[in-house]
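Peer 1: Sharing a model prediction with you, sequence too.
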Amino acid sequence: MLLDVDDLSAGYGTAQVLFGVRLAVAPGEVVGLLGRNGMGKTTTIWTIMGRLRPRSGTVRFDGRRIDGLPPFAIARLGIGLVPEGRRVFADLTVRENLLATARPAAGNEAGWDLEAVLALFPPLAERLDQFADRLSGGEQQMLAIGRALVTNPRLLILDEATEGLAPLVRREIWRVLAALKERGQAILVVDKNVRALARLADRFCVLEKGRVAWSGAPSRLLADPELSNRLLGV
């Protein structure tokens, strides 16, 4: 496995949020991390990325333990994060956002650079010298994905990939993620649009109250409305 999360427990202060979470992503695989609000999805991502230290359990990336490493070290190992709320560098231009985090691809691989990201997201090419806080929400999400891609990650993590975006922009984000999958990009993605995510993901992992309540093929979950409603219904 590229990412292997085993028996992970974590929390904030005296409040425990995760209880023995197990999660894995293989090379080239797309895994959807699902669950209602407050069930531990973002906490799982923060713990993987080193923003939160686990209380127990392990996180391995390409066989190496990364739990306990600082976030910058984890990013350098090849994990790119598109955080919830985008969090682009507001006082930098689009060009500066993309160049600030860029790292070359390993070996002789054809990786992601400024030109490749602009080809993937043409609207950004028209706004290269605009400050990021002047972009629309959809353009900021494109920039956030581009900023992660120019690190040339082996694993791309997206927390709420299409939240708050207009339908046309959501379709564009799903198109881009499908194109990344075709290139063999491993992806862990959180999103509330279960049916759109089901068309992309190889597997679902559903959290309920900080525990893995279900995992398997998306088609199995969609084929069982009672189960889907129990785990994901509001």
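Peer 2: Cool, got the structure. Numbering: from 1, shown residues only.
Peer 1: When you work out contacts or count neighbours from here on, use the C-alpha atoms and nothing else.
Peer 2: Will do.
Peer 1: So Gly184 lies in a strand, does it not?
Peer 2: No: applying DSSP: H, G, I helix; E, B strand; the rest coil, one finds Gly184 to be coil, outside a strand.
Peer 1: On the pLDDT front, check it for me.
Peer 2: On pLDDT, Gly184 comes in at 95.
Peer 1: Just to check, it is in contact with Gly28?
Peer 2: Yes: counting by Cα atoms under 8 Å, Gly184 touches Gly28, with 4.5 Å between them.
Peer 1: where along the chain do the strands fall?
Peer 2: 3-12, 15-25, 30-34, 56-61, 64-65, 79-82, 155-159, 186-190, 203-208, 211-216 (DSSP state E).
Peer 1: Let's have those strands in CSV, adding mean neighbour count and distance to Ala166.
Peer 2: Shown next, in CSV, are those (neighbours: other Cα atoms under 10 Å; distance: least, Cα to Cα, whole Å):
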stretch, mean neighbour count, distance to Ala166
strand 3-12, 20, 32
strand 15-25, 18, 29
strand 30-34, 27, 21
strand 56-61, 20, 34
strand 64-65, 14, 39
strand 79-82, 24, 18
strand 155-159, 23, 17
strand 186-190, 25, 17
strand 203-208, 23, 24
strand 211-216, 17, 29
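Peer 1: so who does Leu52 touch?
Peer 2: Counting by Cα atoms under 8 Å, 6 or more residues apart in numbering, Leu52 makes contact with 10-11, 43, 46.
Peer 1: Stretch 94-113: end-to-end distance?
Peer 2: Using Cα to Cα, to the nearest Å, one end of stretch 94-113 lies 13 Å from the other.
Peer 1: Tell me the spacing between the nearest residue to Val17 once chain neighbours are set aside and Arg53.
Peer 2: If the residues on either side of it in the chain are set aside, Val17 comes closest to Gly11, at 4.7 Å by Cα to Cα, 6 or more residues apart in numbering. To Arg53, Gly11 is 8 Å away according to Cα to Cα.
Peer 1: Can you convert the strands of the chain into TSV and add a column each for distance to Ala132?
Peer 2: Rendered in TSV, the data for the strands of the chain read as follows (distance: least, Cα to Cα, whole Å):
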stretch	distance to Ala132
strand 3-12	31
strand 15-25	32
strand 30-34	28
strand 56-61	31
strand 64-65	35
strand 79-82	15
strand 155-159	19
strand 186-190	23
strand 203-208	33
strand 211-216	37
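Peer 1: For Gly146, which of those strands is the nearest?
Peer 2: strand 79-82 (9.0 Å; Cα to Cα).
Peer 1: Residues contacting the closest one, please?
Peer 2: Here strand 79-82 makes contact (Cα under 8 Å, 6+ apart) with 49, 144-145, 148-149, 151-159, 161.
Peer 1: Where is pLDDT lowest across these?
Peer 2: Among those, pLDDT bottoms out at Ala161, giving 91.
Peer 1: That one contacts Asn193, doesn't it?
Peer 2: No: at 9.4 Å, Ala161 does not count as touching Asn193 under the criterion of Cα under 8 Å.
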